[in-house]
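Q: take a look and give me a structure for this.
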Amino acid sequence: MKWVTREHAKVDRIACPWLIKHHVDADAEFLYVPADEVMHVAKEQNATPFDVPSVELGHHGEECSFDAIVKKYDLDKKDPALAELAKIVRGADTPNRSLTPQSEGLLAIAYGFSMNVKDDHDNISKQFHVYDALYSFCKWKITQK
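A: Model (predicted):
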């Protein structure tokens with residue numbers, strides 16, 4: 001399945017592909033295009049748009065696109081660590097930076113990567129390791145409760 005979003009990814013547009021690849025669609029293909037072309041490319045390529053205004057898998061209220069994907073696929077019910085990870089991502093991708101202690105750091109890491117990669121696909125390949133580590137942390141955190 002193809003998924004499409006805006007180019008120059010930072011937090012949500014890297015976190016969502018990680019979530020999709022690991023928990024929704026292992027064969028997912030991601031397209032990063034200029035913001036004004038997302039809906040056209042979605043229609044043309046039969047791709048699911050995410051993290052753009054007015055789509056199902058976008059920001060809603062105080063929640064980010066990662067939250068929308070977790071909810072749509074009931075991932076938090078299958079894996080409570082994803083609910084914890086969603087809080088970290090939400091805090092990094094919305095104005096609520098104090099939501100978790102990790103959110104501000106994730107934002108800094110995401111911006112740093114975006115300045116040191118050749119394109120969005122290179123960014124994914126490098127940052128997926130960050131989300132693997134955060135996911136492991138979230139699984140560990142749940143066992144400590």
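
Q: which residue ranges form the strands in this protein?
A: 2-6, 29-33, 48-49 (DSSP state E).

Q: quickly note the distance from the residue lying closest to Leu19 once chain neighbours are set aside to Pro17.
A: Leaving aside its sequence neighbours, Leu19 sits nearest to Ile69 (CB to CB, 6 or more residues apart in numbering; 5.5 Å). For every residue, glycine as well, the C-beta is placed using N, CA and C. Distance, Ile69 to Pro17, using CB to CB, to the nearest Å: 10 Å.

Q: so which of the two has more stuff around it?
A: Pro17 (29 against 26; other CB atoms under 10 Å).

Q: how about residues contacting stretch 72-82?
A: 19, 23-24, 56-57, 69-70, 83, 86, 135, 138-139, 141-142 (CB atoms under 8 Å, 6 or more residues apart in numbering).

Q: quick one, which of the residues you listed are buried?
A: Taking 16 or more other CB atoms under 10 Å as the criterion, what is buried in the contacts of stretch 72-82 is Leu19, His23, Val24, Leu57, Ile69, Val70, Ala86, Tyr135, Cys138.

Q: what pLDDT is listed against the fifth one?
A: Per-residue confidence at Ile69 stands at 98 (pLDDT).

Q: could you do the second one as well?
A: According to the per-residue confidence, His23 scores 97 in pLDDT.

Q: any idea which helix is longest in the chain?
A: Ranked by residue count and defined by DSSP state H, the top helix of the chain is helix 120-143.
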